[in-house]
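Trainee: build the 3D model from these lines:
(chains A, B, C and D)
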Protein chains: 2
Amino acid sequence: MSNAQAVPVPLIAPTRRTQSQRKEETMRKLFDATRESLIEVGYANTSVSQICKRSGVSHGGLFRHFSSRIDLIIAVAQDVSNKLIDLYQARFEELTSAKDPFETALLLLRQNCRERDNQAWFELLVAARGDETLQQAMIPIWAENRARTLEYASRVFPDLRQSRPDFDSFIESIVNQFHGEAINAFIFSDGEADERRLRVILDFVRAYMSASIKE
Amino acid sequence: MSNAQAVPVPLIAPTRRTQSQRKEETMRKLFDATRESLIEVGYANTSVSQICKRSGVSHGGLFRHFSSRIDLIIAVAQDVSNKLIDLYQARFEELTSAKDPFETALLLLRQNCRERDNQAWFELLVAARGDETLQQAMIPIWAENRARTLEYASRVFPDLRQSRPDFDSFIESIVNQFHGEAINAFIFSDGEADERRLRVILDFVRAYMSASIKE
DNA sequence: TAATTTAGATTGTGATCGTTCTCTATCTGT
DNA sequence: ACAGATAGAGAACGATCACAATCTAAATTA
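Mentor: The predicted structure follows:
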């Protein structure tokens, strides 16, 4: 006992944080763990225990901040949507200075739809069918996601958006195509077939553009 | 007790059936109940109890014919795929005598993607990500579904298929678009926006056709 | 018709589900 | 420094999960 208590500094750093810091940090852990769980094991296997195990947060910790599992899921849906929108924005902002904006835009759009977080997004879209509460909560989140996507697209091609009343439908049909491709990729992905389809769609885009110039 | 046993005919018809008839009938009940459950309450809620309740078959009856829940799910996946393919075929066979085959084909294709069974199909596609066994089983089923779809499309437009090497990619990109539309419809459906997109795609199809004639 | 096999119903089992409860640790206002 | 409030840990709850074991009904074979 000669040198005991000589240095009272605890080995585990106390890391003094405010209550709101503590709260936000564990909520962030829960968000990340839930999103990862949705991506890796799917909605059906994203249980409370699964989330707690991945986040390192206890059941008690989880239910302090969320009154139910579905409440957390909904919060994660909003978070995932925000992340995806931010990615859209960041990439499309770069795009304004691209050489071949049409092809580059198409590639970036596809890249976004193949994003890791997009898998969580699809899990939530499909799961919403089976859960009335989730579905109701998803409607505004989904609407915002859709609107912001169109917003950035029209920011890249302002003239086109001006001259063509069907511009939004045009963009959405392309996005839908990549979404369908992403769903099928859940089962099997054929890179070459993807490339061939991209060329077909690029023809489609160019035809749409040239038709616009004609008018 | 005067007239008791006078007529030994049981009130509940005995309906004498062979063993294989009995077997097939309950398996059909299980298939239908599972498909309906997938559509109505989603994959996450399609439990063994749920299936038994809907089909009127007991747990014991279910596990006599399927060694596990996932075995039944896989069999249902094959069944749903077959139903969808049969629908494709039936509708496209009618199509060969249509006036405006392009627009009619597009409408029928969209109709197929909006089919009730297609919701079960998407549930299975997405759920397969979270279940290695299901995913492995889905690969050949999915591949067959994809191949047969292309087969019927090329049967309707044999000349186009001949002259254009990218015909398959062309068809698949359109199918993908409708699939993406169907996924979004899980949350919210905007009929007018769907119509506007259909017109855009119809322009796309016509452009593809006229480009073909040019060559 | 008797023996055997197959179909199907019922009940039970251990694991896991979402949620609640109790208790301790940490932070905040005084 | 002390009291009150908030954050988080962990055990326990009833319900439900996939599945197994046991048993009865029906069809087949002899």
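Trainee: pretty sure residue A:32 sits against residue A:57.
Mentor: No - counting by C-beta atoms under 8 Å, residue A:32 does not reach residue A:57; the two are 10.7 Å apart. C-beta coordinates here come from the backbone N, C-alpha and C atoms, glycine included.
Trainee: higher neighbour count, these two?
Mentor: Legend: neighbour count by other C-beta atoms under 10 Å in any protein chain shown for residue A:32 and residue A:57, higher for residue A:57 (19 against 15).
Trainee: hang on, the earlier thing: quick check: neighbours shared by residue A:32 and residue A:57?
Mentor: When C-beta atoms under 8 Å, 6 or more residues apart in numbering or on different chains defines a contact, no residue borders residue A:32 and residue A:57 alike.
Trainee: residue A:137 versus residue A:68, what's the distance?
Mentor: 12 Å (C-beta to C-beta, to the nearest Å).
Trainee: do you know how far the residue nearest the centre of chain A is from residue A:35?
Mentor: Nearest to the mean C-alpha position of chain A, by C-alpha atoms, centre = their mean, lies residue A:84 at 3.6 Å. Counting by C-beta to C-beta, the separation of residue A:84 from residue A:35 is 11 Å.
Trainee: ok, residue A:116 next?
Mentor: In terms of C-beta to C-beta, residue A:116 sits 9 Å off from residue A:35.
Trainee: pLDDT on stretch A:104-123, on average?
Mentor: Mean per-residue pLDDT for stretch A:104-123: 93.
Trainee: how long is that stretch from one end to the other?
Mentor: The first and last residues of stretch A:104-123 sit 28 Å apart, counting by C-alpha to C-alpha, to the nearest Å.
Trainee: is chain B within reach of it?
Mentor: Yes - residues of stretch A:104-123 contacting chain B under C-beta under 8 Å from any C-beta of the partner chain: A:119, A:122-123.
Trainee: related to what we said a few turns ago, more neighbours: which of residue A:116 and residue A:35?
Mentor: Counted by other C-beta under 10 Å, residue A:116 and residue A:35 do not tie: residue A:35 has more neighbours, with 25 against 11.
Trainee: in which helix or strand would I find the more buried one?
Mentor: Element membership for residue A:35 (DSSP states H and E) is helix A:19-41.
Trainee: next: residue A:211.
Mentor: Assigned by DSSP H and E, residue A:211 falls in helix A:191-214.
Trainee: how close does residue A:127 sit to residue B:127?
Mentor: When residue A:127 is compared with residue B:127 (using C-beta to C-beta), they lie 10 Å apart.
Trainee: and what of residue A:139?
Mentor: 23 Å.
Trainee: what about the two, which has more around it?
Mentor: Shown here are residue A:139 and residue B:127; by other C-beta under 10 Å, residue B:127 has more neighbours (28 against 12).
Trainee: now name the helix or strand holding residue A:170.
Mentor: helix A:167-185.
Trainee: that helix to helix B:191-214, inter-axis angle?
Mentor: Angle between the axes of helix A:167-185 and helix B:191-214 is 80 degrees (criterion: axes from the mean of the first three to the mean of the last three C-alpha atoms, to 10 degrees).
Trainee: quickly check: helix A:167-185 near chain B or not.
Mentor: Yes - applying C-beta under 8 Å from any C-beta, one finds helix A:167-185 touching chain B at A:168-170, A:172-173, A:175-181, A:183-184.
Trainee: what packs against that helix?
Mentor: Contact here means 3 or more C-beta pairs under 8 Å, 6 or more residues apart in numbering or on different chains; DSSP states H and E; on that basis helix A:167-185 packs against helix A:101-113, helix A:116-128, helix A:132-156, helix A:191-214, helix B:116-128, helix B:167-185, helix B:191-214.
Trainee: out of those, nearest to DNA strand D?
Mentor: helix B:116-128 (11.8 Å; C-beta to the nearest atom of the strand).
Trainee: quick check: angle from that closest one to helix B:132-156?
Mentor: 140 degrees.
Trainee: and helix B:116-128, what's buried?
Mentor: B:117-128 (16 or more other C-beta atoms under 10 Å in any protein chain shown).
Trainee: how far out from the middle of the chain is it?
Mentor: 8 Å (C-alpha atoms, centre = their mean, to the nearest Å).
Trainee: does chain A have contacts with that helix?
Mentor: Yes - Helix B:116-128 comes into contact with chain A (C-beta under 8 Å from any C-beta), by way of B:119, B:122-123, B:125-128.
Trainee: more crowded one of residue A:68 and residue A:137?
Mentor: The residue with more neighbours, out of residue A:68 and residue A:137, is residue A:137; 20 against 12, by other C-beta under 10 Å.
Trainee: show me what contacts residue A:70?
Mentor: Contacts of residue A:70 (C-beta under 8 Å, 6+ apart): A:131, A:133-134.
Trainee: shared neighbours, residue A:84 and residue A:35?
Mentor: In contact with both residue A:84 and residue A:35: residue A:117, using C-beta under 8 Å, 6+ apart.
Trainee: next, the residue of chain A found nearest DNA strand D: secondary structure please.
Mentor: Nearest residue of chain A to DNA strand D: residue A:60, at 2.1 Å (C-beta to the nearest atom of the strand). Following DSSP: H, G, I helix; E, B strand; the rest coil, we place residue A:60 in the helix state.
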